[in-house]
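Participant: Got a predicted structure plus its sequence, pasted below:
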Amino acid sequence: MSFENNDLLILVDNEDREIGTLSKQACHMGEGLLHRAFSLFVFNGNGELLLQQRSAKKPLWPLYWSNSCCSHPRQSESVELAAKRRIAEELGFQCSSQYLYKFQYHARYKNTGCEHELCHVLVGYSNQPVIPNEEEVAAWRHITPENLSHEINTNPEAFTPWFKQEWHQINTQYLEQILVHCDRFH
């Protein structure tokens with residue numbers, strides 16, 4: 001397993017308290033070490049979610065569909081600033097975000113490695129054009145919440161494991177307030 005960008009990730013305990021740092025590659029080897037991460041869900045003014053298909057170059061879950069942007073904050077960087085940085089680097093636009101919730105998950109990808117993250121889930125809104133970084137993103141599209149739920153139910157293996165968990169939570173607890181905001185944003 002090789003990570004082109006081998007930033008130091010923030011190791012955390014079960015309460016999201018920082019306990020050290022370690023390389024991205026080391027954090028994802030074997031069963032993985034618990035580290036801080038984020039997932040950003042960007043909706044447009046029509047209430048559609050921006051999905052990205054992960055690059056074929058990703059060592060974990062290449063070519064799987066996932067949320068708009070997910071990554072890791074750097075040392076001394078807030079989750080919100082990390083999300084703003086990564087959405088610009090991956091998809092070429094600026095977007096502020098709001099915290100929704102956080103959760104811990106563990107998922108193995110074949111014999112390659114694991115995700116073991118305490119993930120902050122954020123929502124953002126943008127009608128800006130998408131300019132994908134081909135090193136990070138194989139494809140992208142906007143999708144209605146109804147169509148996304150249908151696709152996940154009929155073809156779950158096409159989506160990353162964290163995204164499916166996050167979408168269930170967003171769809172059942174946050175979607176109504178998100179769509180109200182989209183109407184005002186439109």
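Facilitator: Noted; the coordinates are in hand. A quick note: this is a predicted structure, and the numbers were derived from the prediction, not measured.
Participant: Show me the shaky parts of this protein.
Facilitator: Scanning the chain for pLDDT under 70 picks out the ranges 1-6, 185-186.
Participant: Just the buried residues of the lengthiest helix in the chain, please?
Facilitator: Secondary structure of the chain read by DSSP state H shows that its longest helix is helix 79-91. For helix 79-91, burial by neighbour count (16 or more other CB atoms under 10 Å) applies to 79-80, 82-84, 86-87, 90-91. No exception for glycine: its C-beta is placed from N, CA and C like everyone else's.
Participant: Count the residues that sit near the closest residue to Phe38 other than its chain neighbours.
Facilitator: With sequence-adjacent residues excluded and distances taken as CB to CB, 6 or more residues apart in numbering, Phe38 is closest to His120, at 4.5 Å. Using other CB atoms under 10 Å, His120 has 23 neighbouring residues.
Participant: next one: phi and psi at His120?
Facilitator: Taking degrees, to the nearest 10, you get phi -90, psi 130 for the backbone angles of His120.
Participant: now do Asp13
Facilitator: When quoted as degrees, to the nearest 10, the phi and psi of Asp13 stand at phi -90, psi -170.
Participant: ok, so what distance separates it from Gly30?
Facilitator: 19 Å (CB to CB, to the nearest Å).
Participant: Likewise for Asn67?
Facilitator: The spacing between Asn67 and Gly30, counted by CB to CB, is 25 Å.
Participant: Compare the two and say which one has the larger neighbour count.
Facilitator: Neighbours per residue (other CB under 10 Å) separate Asn67 from Gly30, with Asn67 holding more: 23 against 10.
Participant: Touching, the more buried one and Ser39? I think so.
Facilitator: Yes: counting by CB atoms under 8 Å, Asn67 sits close enough to Ser39 to count as a contact (5.0 Å).
Participant: Tell me the residues that contact both of the two, please.
Facilitator: 163, 166 (CB atoms under 8 Å, 6 or more residues apart in numbering).
Participant: if we can go back for a sec, so who does the residue nearest to Phe38 touch?
Facilitator: Taking CB under 8 Å, 6+ apart as the criterion, His120 is in contact with 36-39, 79, 99, 102.
Participant: before we move on, what about Gly30?
Facilitator: Counting by CB under 8 Å, 6+ apart, Gly30 has contacts 113-114.
Participant: in this protein, which spans are helices?
Facilitator: 24-28, 79-91, 145-154, 161-169, 175-185.
Participant: Dump the third one to CSV, restricted to CA.
Facilitator: Taking only C-alpha atoms (Å, rounded to 0.1, in the frame of the first residue of the first chain), the coordinates of helix 145-154 have been written out as CSV:
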residue,chain,number,x,y,z
PRO,A,145,-31.5,12.3,-2.0
GLU,A,146,-34.2,9.9,-3.3
ASN,A,147,-32.1,8.6,-6.2
LEU,A,148,-29.1,8.2,-3.9
SER,A,149,-31.0,6.2,-1.4
HIS,A,150,-32.3,4.0,-4.2
GLU,A,151,-28.8,3.5,-5.6
ILE,A,152,-27.3,2.6,-2.2
ASN,A,153,-30.2,0.1,-1.6
THR,A,154,-29.8,-1.6,-5.1
